[in-house]
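In: Got a sequence here, can you build the structure:
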Amino acid sequence: MDMNKRKFQETFNSTEYNVDNEAKRITHQGSASLLTLPIELVHVIFDKLDDFTIICSLCQVCTRLNMILDAYPRYQ
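Out: Residues are numbered from 1 along each chain as shown. Below is the predicted model of the structure:
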């Protein structure tokens, strides 16, 4: 039992250390932008917008955003 507890504590500490380091790394890099998010997540955001907003505000912003819009299922 003591061995399992120690192993759990080691794993927990290691995981906690990794999570803390990742959080610090992300914070140091700055916040994520719309263009750094996975396409699927951007599509979920687009699902909350009306067609007018998507077409007038997002179209022709940049090449990556145009590619994401081209792959958006609502416009297939």
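
In: any idea how far residue 43 lies from residue 6?
Out: Separation of residue 43 from residue 6 (C-beta to C-beta, to the nearest Å): 45 Å. The way it works is simple: take the backbone N, C-alpha and C, and place the C-beta from them, glycine included.

In: In terms of neighbours, single out the busier of these two.
Out: Counted by other C-beta atoms under 10 Å, residue 43 and residue 6 do not tie: residue 43 has more neighbours, with 16 against 10.

In: OK, contacts around the residue nearest to the more buried one when sequence neighbours are not counted?
Out: Of all residues not flanking residue 43 in the chain, residue 72 sits nearest, at 5.7 Å (C-beta to C-beta, 6 or more residues apart in numbering). Residue 72 makes contact with 43, 46, 54, according to C-beta atoms under 8 Å, 6 or more residues apart in numbering.

In: hmm, try it at 10 Å
Out: Applying C-beta atoms under 10 Å, 6 or more residues apart in numbering to residue 72 gives the contacts 39, 42-43, 46-47, 54, 58.

In: Quick one: mean pLDDT for stretch 56-75?
Out: Model confidence over stretch 56-75 averages 86 on the pLDDT scale.
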